[in-house]
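Asker: quick check, what structure comes out for this input:
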Amino acid sequence: MPKSQLVQAPPNRPGRPPFRWPLICAASALAVFLLLLSSGAADVRRILRLPPLPPHTNNHVAPAPAAAAALEACAWPALEPHVPLLDVPPISRSDFLTRQRVLARALRAAGVDAFVAEPSASTTYYANISARFGLSERPYLMVFSSQEDDDDGDNDGGRFSYLVPQFETGRLNAASQHMVFEGNADADAAIPWREEQDPYAVLLESGRLGGGGGGGVGGDGGGRTKRKRKVMIDEHARHMVAAGLQAVGVDVVPMSADVRRLRAVKTDAEVAIMRGINAFTRHLVRALQGCLRAGLRQADVVDAGRALFARAGVAGEGYWAIALFGSRAAYPHGGEGGDAAVLRDGEFVLLDIGSSLHGYGSDVTRTMLPPAGNGGAATAAVREELMDVWRVVRRAQSAGLAGTRPGAACRDADAASRAPVEAAGYGPYYTHRLGHGLGLETHEHPYLNGANYEKLRPGMVVTNEPGIYVTDEQATKLGMSAGFGVRLEDPILVTEDGGVPLTGRRAESPWDL
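Answerer: Down below sits the predicted model:
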């Protein structure tokens, strides 16, 4: 830049401070303001209408990353020997094809031409299409025709197609190597639609909804009248999909109970995966319990759990956890702003935690206490009333386990678990169902609640998780010193001989998990 174009700073005028003085003044004012906000200026904080600083506590709280890392490092030696539990093979190609044949037969028995689903647990189950493909206003659909492909009828496994935005076909092709369907690489599997087209009309005219040829009602150009296609839609599909199909003349029916139950009964391969991940999760909880100490935050326990799963190779999107201390556990799934809550002597730790292996989840809950060696006051100070509640919940879980047997209604298992709780006077504080199905979804059919008459069958996996939850306010009315929450949870495999915990064993005490 020529010198003549340079912008010169104006000279200091008489009586005007140099430019550095405003910065010095601002810094001084900020320092004074911060001093006023300190714990030694409570009166000033009241004048400024600022909330008081939190009281100091005797429990030292380490910085979050350091505390979580220390907890992980402490727990890993106890957990590492159990990592081989995760050495279980994934679902095989032959298992996927068997599922498809079973689905095709179920659809034909229901009198429908095809099954339509968005990326979900259903697409994962039947074709290994990830539920994380992503949803948007543009439909991407798995279409499974119930028709037999071969002229001789040898292949009754139906036919897969994929309705996909044309510009996403490359993404579909990249993902197709993981998909499983007859032939494994059908070049005509994709049904692309352009932005200016109605995707549902494109699907109908493709003829992939079964029955051969195009679809819809009306002439086909040869003077013949085509019958109306009948499609069963997955329970997870959005309303817009059903509405779009109906708008082009497709008869849409909801997912039937028979088709929904196909996923509920697990194969030996599925059970092996679920036993591995759930037994490992129990050992992870035991390892964490051995390192608990007063002063940890709820978030530290959650973060350490994530790190331990990751170290074992099974973290990622499948991980989740709820850690609740003391009266915060009165709300079964916690509340807002509780991550910074600090564990105090005598408080229970409720940890509900899980991850996934080959897509199948774990779901384990323990209400526990730190070991005596970690600031043993935690053991000495626990209130006897809390120990009594823990034992009531343990009895409730035992009763629920006894009720989880073939032929028993889901509602009966739920009722069985409530009897010990009601006998102890805590009936109103057992506020949720006994459990739910577990598999590719953390919560799936069947649900063990008081209104479900569905019968349990061998091969089903359901959780057994009774709990008692009392808030501080309720505790006062009950003559107790403080609120609490106690829950115990194990996934149970229904067998001909009764229920079997997939964790390997249930908790015997707040220290013996």
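Asker: what about R101, which SS state?
Answerer: Classification of R101 using DSSP: H, G, I helix; E, B strand; the rest coil returns helix.
Asker: distance check, it against G359.
Answerer: Using C-beta to C-beta, to the nearest Å, R101 is found at 21 Å from G359. No exception for glycine: its C-beta is placed from N, CA and C like everyone else's.
Asker: those two - which one has more neighbours?
Answerer: Looking at R101 and G359 with other C-beta atoms under 10 Å, you find the greater number of neighbours at G359, namely 19 against 14.
Asker: name the nearest residue to that one, ignoring sequence neighbours.
Answerer: Excluding its sequence neighbours, the residue lying closest to G359 (C-beta to C-beta, 6 or more residues apart in numbering) is L440, at 5.4 Å.
Asker: shaky segments in the chain?
Answerer: Along the chain, the model assigns pLDDT under 70 to residues 1-64, 131, 148-157, 174-177, 182-188, 211-226, 336-337, 373-381.
Asker: hang on, L478 packs against V470?
Answerer: Yes. L478 is within contact range of V470, at 6.7 Å (criterion: C-beta atoms under 8 Å).
Asker: with neighbour numbers in mind, choose between these two.
Answerer: For L478 and V470, the more surrounded residue by other C-beta under 10 Å is V470, and the numbers stand at 24 against 14.
Asker: element containing the residue nearest the centre of the chain, please.
Answerer: Centrality entry for the chain: nearest residue to the mean C-alpha point is T442, 5.0 Å, by C-alpha atoms, centre = their mean. When secondary structure is defined using DSSP states H and E, no element contains T442, which sits outside every helix and strand.
Asker: quick check: it touching S355?
Answerer: No. With contacts defined as C-beta under 8 Å, T442 does not count as touching S355, sitting 10.3 Å away.
Asker: quick one on the thing from earlier: now the residue nearest to G359: how far from V83?
Answerer: In this view, L440 and V83 are 23 Å apart by C-beta to C-beta.
Asker: got it, and P491?
Answerer: Counting by C-beta to C-beta, the gap from P491 to V83 is 20 Å.
Asker: so for these two, which residue has more residues nearby?
Answerer: The neighbour count for P491 versus V83, taken as other C-beta under 10 Å, is higher for P491 (30 against 15).
Asker: which SS state does that one fall under?
Answerer: State at P491, reduced to three classes by three-state DSSP: strand.
Asker: list the contacts for it?
Answerer: Residues in contact with P491 (C-beta atoms under 8 Å, 6 or more residues apart in numbering) are 274, 278, 362-364, 438, 461-464, 501-503.
Asker: and the residue lying closest to it once chain neighbours are set aside, how many residues sit next to it?
Answerer: Closest residue to P491 in three dimensions, ignoring its sequence neighbours and counting by C-beta to C-beta, 6+ apart: L502, at 4.6 Å. A total of 24 residues lie near L502 under the criterion other C-beta under 10 Å.
Asker: list the residues that contact L502.
Answerer: Applying C-beta under 8 Å, 6+ apart, the residues near L502 are 271, 274-275, 278-279, 461, 490-493.
Asker: let's go with 7 Å and repeat that
Answerer: By C-beta atoms under 7 Å, 6 or more residues apart in numbering, the residues touching L502 are 274-275, 278-279, 461, 491, 493.
Asker: mind picking the two most distant members of the residues you listed?
Answerer: Taking C-beta to C-beta, the two most distant members of the contacts of L502 are A279 and V461; they sit 13.3 Å apart.
Asker: tell me which of the two has more neighbours.
Answerer: Relative neighbour count places V461 above the other of A279 and V461, with 28 against 20, counting by other C-beta under 10 Å.
Asker: Provide a list of residues in contact with the more buried one.
Answerer: The neighbourhood of V461, defined by C-beta under 7 Å, 6+ apart, consists of 266, 274, 437-439, 491-493, 502.
Asker: which one of these is nearest S398?
Answerer: After measuring the contacts of V461 against S398 - C-beta to C-beta - the closest member comes out as I492, at 11.7 Å.
Asker: can you tell me how far the closest one sits from L456?
Answerer: 10 Å.
Asker: need the residues touching each of those two.
Answerer: Any residue near both I492 and L456 by C-beta under 7 Å, 6+ apart counts here, and that gives T404.
Asker: who has more neighbours, these two?
Answerer: More neighbours surround I492 than the other of I492 and L456, with 29 against 23 (other C-beta under 10 Å).
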